[in-house]
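**Student:** prediction below, plus the sequence it came from.
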Amino acid sequence: MKKLMGLIVSLALFMGLLVGCTNSTNTPESTSTVGDTSTSETVQPSGTSEEEVGWPRTIRDAVGNEVLLEERPQRVAILHSLYLEYFFALETPPIASTGSSTGNAMKALEEWETLKPYEGTADIIDLGSSRDLNLEAILEANPDVIVTFKGHVDKIYDQLVQIAPVIQVDFDAPWQEQTISCAEIIGKEAFARDFIEETETIISSAKDKLGKYSDKTIALFRTDGKSFFSRGNKGYYETFGISKPKGYPDDYGTMSLEAVADMNPDYIIFQNFIENTQTLVKSQEDSLVWQKLNAVKNGHIFYFDDSLNTFGPLAMRLTADKLVQIFSE
């Protein structure tokens, strides 16, 4: 059966290559373009407003490819579960998804706190791991468009575009830009702008409340169960109006317990897989250095779900709520 399926996939991809020679839907940018191409954008005829752009439409993605979409995609497949929240937020869940760095799409749907409000609202085909993409599974899902982040599919891009147009989003771009990039794919730009405005209002409200506690320092970490990885960059702290401890880096870095002790934050937040966090905390129980931390002595150790590490629109909303809750306890 596996051999038969392999033959079918190979034949399908081969036929796609023949068609692609005369009618490619994804072509690398061959000439220079005006403006920043780090995020996807809809290429519009001169004199046409965004609201009037229909189908077909051409989208310039994060790597500069101009991708032609003949009609509004009905079947969106995403190759990393971090984009589940974007399409759920846009009220257009994908029909298929891979997982994240660990687990599959079903794990994300069942466990991610950001997606809890959407549990049971959509049937999504599980495409397996995002690290080991399964071309057969993607082909069987029969997508109208494939969405992933920039740099994820460089090695198999030519094969993927024979299945469906591929649009790559810039994961390093602000969540607002990524939301618009996803909205352009499904023609929901106006909805996205309203959602962004609403989300920014939620964040702004939280920032006002958190401003009362600017004298308290917060250290945000991820961990592999052994080390501390700073997770909140300068932009994160500025967005929520919270204070980082002296010595906490503006960007992401790895540090020892002794380095954390020098910072001595008032609050420590672990934003990670709970099992990794529990391993680290347990390993420090007998450490006098750990026990002397202000955050430990005052019971100010908190645990946020790993899904907040997408820093996407749903993650930012949930983060705003959870940060306010910390100071409400």
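**Tutor:** Great, that's in hand.

**Student:** any idea how this protein splits into domains?
**Tutor:** For the chain, automatic domain parsing gives the domain ranges 54-191, 212-326.

**Student:** so which residues of the stretch 51-200 of the chain form helices?
**Tutor:** 84-89, 105-111, 135-141, 157-160, 175-186, 189-210 (DSSP state H, counting those that start in this stretch).

**Student:** so which elements touch the third one?
**Tutor:** Spelled out, that is helix 135-141. helix 2-20, strand 96-97, strand 125-126, helix 157-160 (3 or more Cβ pairs under 8 Å, 6 or more residues apart in numbering; DSSP states H and E). (Glycine included, C-beta is placed from N, CA and C.)

**Student:** ok, of those, where does mean pLDDT dip lowest?
**Tutor:** For the helices and strands packed on helix 135-141, mean pLDDT drops lowest on helix 2-20, to a mean of 44.

**Student:** any idea of the pLDDT on residue 111?
**Tutor:** So residue 111 comes in at 86 (pLDDT).

**Student:** right, I mislabeled it, should have said residue 1
**Tutor:** 45.

**Student:** point out where the stretch 101-250 of the chain drops to low pLDDT.
**Tutor:** 101-104 (pLDDT under 70).

**Student:** list the residues that contact residue 279.
**Tutor:** 223, 225-226 (Cβ atoms under 8 Å, 6 or more residues apart in numbering).

**Student:** for it, grab phi and psi.
**Tutor:** Backbone torsions of residue 279, given as degrees, to the nearest 10, read phi -60, psi -40.

**Student:** for residue 236, see how far away it is.
**Tutor:** Applying Cβ to Cβ, to the nearest Å, the value for residue 279 to residue 236 is 25 Å.

**Student:** try residue 130
**Tutor:** 24 Å.

**Student:** ok, now residue 59?
**Tutor:** From residue 59 to residue 236 the distance is 29 Å (Cβ to Cβ).

**Student:** so the two - more neighbours on which side?
**Tutor:** residue 59 (20 against 17; other Cβ atoms under 10 Å).
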